[in-house]
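Visitor: Build me a model from this:
(one chain, ligands or ions: 1)
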Amino acid sequence: MGDFLLTTESSLSQTQTHLVHFRAMAFAQRAMVMLFLVVAALNVSLAAVYKVGDSTGWTTLGHYNYTAWAASKTFSVGDTILFEYHKDRHNVMVVTRTDFEACNASSPRATYTTGNDSFVIRKTGHHYYLCGFPGHCQLGQKVNIHLSKSSVAIAPSGSPTASPSGGAAGTPPKSSAPYPSKGLLGKLGMALLALGVCVSVFV
Ligand SMILES: [Cu+2]
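Guide: Presented below is the predicted three-dimensional model:
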């Protein structure tokens, strides 16, 4: 009688131990899935591609408002700006602010003519583009891609943004970015949280 009870208790506790192990495994799997989702979200936000003019593309037809288009987006360092257009009718010129405002297509910093040109934005500030075909800029075929200082996202690997002067190595600069973007903190926080969950599961 005593032996039977002992055996039953022992096998019960074994079952409980198995249950605990099973729950831990399930939790670990869920944590891994969460981590993958966070990493995927981070990658998506790093690799945002903005097609200028959306479905309209880069054209003078319909007098598309590229200023309004740019204002409707929030660009981050690392984003790609894509120009799609008829290459026999338009082009893309990278110009200075002065030339942008004056629609001066005579001294571009660079000219692109493939009909499918993309630019990865590496720096904050203004990035000015216009179409160099006569009269097109005046018709509104110009766009100013503006990245505010606070739009600095996690820089893509191997391409750090310009380092601010005056900061000693390892010391965060005080003057250049007093208000780090909430988006960045949020993303880092999420990634750290997911990492913490995984670590706590496996320790
Ligand atoms: Cu044009």
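
Visitor: mind showing which ranges of this structure have poor pLDDT?
Guide: For the chain, the stretches with pLDDT under 70 are 1-22, 25, 27, 32-46, 151-203.

Visitor: just so I have it, where are all the strands in it?
Guide: Listed in chain order, the strands of the chain (DSSP state E) span 49-51, 80-84, 92-95, 110-112, 116-120, 125-130, 142-147.

Visitor: Can you list the helices and strands that the third one packs against?
Guide: The elements that strand 92-95 packs onto, with contact taken as 3 or more C-beta pairs under 8 Å, 6 or more residues apart in numbering; DSSP states H and E, are strand 110-112, strand 125-130. For every residue, glycine as well, the C-beta is placed using N, CA and C.

Visitor: can you redo those as JSON lines with mean neighbour count and distance to residue 95?
Guide: Output for the helices and strands packed on strand 92-95, formatted as JSON lines (neighbours: other C-beta atoms under 10 Å; distance: least, C-beta to C-beta, whole Å):
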{"stretch": "strand 110-112", "mean neighbour count": "14", "distance to residue 95": "9"}
{"stretch": "strand 125-130", "mean neighbour count": "19", "distance to residue 95": "5"}
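
Visitor: what would the ones you listed look like in TSV with distance to the ion?
Guide: Listed next are those as TSV, based on distance: least, C-beta to the ion, whole Å:
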stretch	distance to the ion
strand 110-112	12
strand 125-130	9
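
Visitor: Out of these, which is closest to residue 72?
Guide: Ranking those by proximity to residue 72 (C-beta to C-beta) places strand 125-130 first, at 16.4 Å.

Visitor: Listing partners with orientation, what would you give for the closest one?
Guide: Here strand 125-130 is paired, per DSSP bridges, with strand 92-95 (antiparallel), strand 142-147 (antiparallel).

Visitor: tell me which parts of the protein are close to the ion?
Guide: Applying C-beta under 5 Å from the ion, we find that the chain lies next to the ion at 90, 131, 133, 136, 141.

Visitor: what's the neighbour count on residue 61?
Guide: Neighbours of residue 61 under the rule other C-beta atoms under 10 Å: 12.
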